[in-house]
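Colleague: this one's structure only:
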């Protein structure tokens, strides 16, 4: 099992979660973060760190965001394969026009 980054992260990138990841399984593009399911060890360290509550265990991913399971796998793998977007340290928050921070 793995953890999934869902819709609340879209255009609302906070990187608090990546700073606590012991296996550095986070990747990013211009719009959001992704968890590589091959590297995630399901430790849940990232979950309480997300200020927009965007990270869920795969089995507990809300139904309306189930497409993010495949999206994380695809984008995480693609970014990893391309050697682009690996993120291991907290950076400045990026709140775009579509950010719906709580």
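Modeller: The structure has been received and is ready for your questions. These numbers come from a predicted model, not from an experiment.

Colleague: and the longest helix anywhere in the chain, what does it pack onto?
Modeller: If you go by DSSP state H, the chain has its longest helix at helix 67-82. Helices and strands touching helix 67-82, by 3 or more CB pairs under 8 Å, 6 or more residues apart in numbering; DSSP states H and E, are strand 3-5, strand 26-28, strand 33-35. Every C-beta, even on glycine, is put in place using the N, C-alpha and C of the backbone.

Colleague: Adjacent strands (with direction) for the last one?
Modeller: The reference is to strand 33-35. Here strand 33-35 is paired, per DSSP bridges, with strand 26-28 (antiparallel).

Colleague: any idea how far residue 4 is from residue 47?
Modeller: Here residue 47 is placed at a distance of 11 Å from residue 4 (CB to CB, to the nearest Å).

Colleague: and what of residue 15?
Modeller: Using CB to CB, residue 15 is found at 17 Å from residue 4.

Colleague: okay, and the common contacts of residue 47 and residue 4?
Modeller: 55, 56, 57 (CB atoms under 8 Å, 6 or more residues apart in numbering).

Colleague: Of those, which is the nearest to residue 80?
Modeller: Closest to residue 80 out of the shared contacts of residue 47 and residue 4 is residue 55 (18.3 Å), distances taken as CB to CB.

Colleague: Show me which residues of stretch 9-25 are buried.
Modeller: Neighbour-count burial for stretch 9-25 flags 9, 10, 11, 12, 13, 14, 15, 17, 18, 21, 25 (criterion: 16 or more other CB atoms under 10 Å).

Colleague: Next up, phi/psi of the closest residue in space to the fifth one that isn't next to it in sequence, please.
Modeller: In this case it means residue 13. Leaving aside its sequence neighbours, residue 13 sits nearest to residue 94 (CB to CB, 6 or more residues apart in numbering; 4.3 Å). Phi and psi for residue 94, reported as degrees, to the nearest 10, are phi -120, psi 110.

Colleague: Tally up the residues packed near residue 94, please.
Modeller: When neighbours are counted by other CB atoms under 10 Å, residue 94 registers 15.

Colleague: Was I right to think it contacts residue 28?
Modeller: No: using CB atoms under 8 Å, residue 94 is not in contact with residue 28, being 9.3 Å away.
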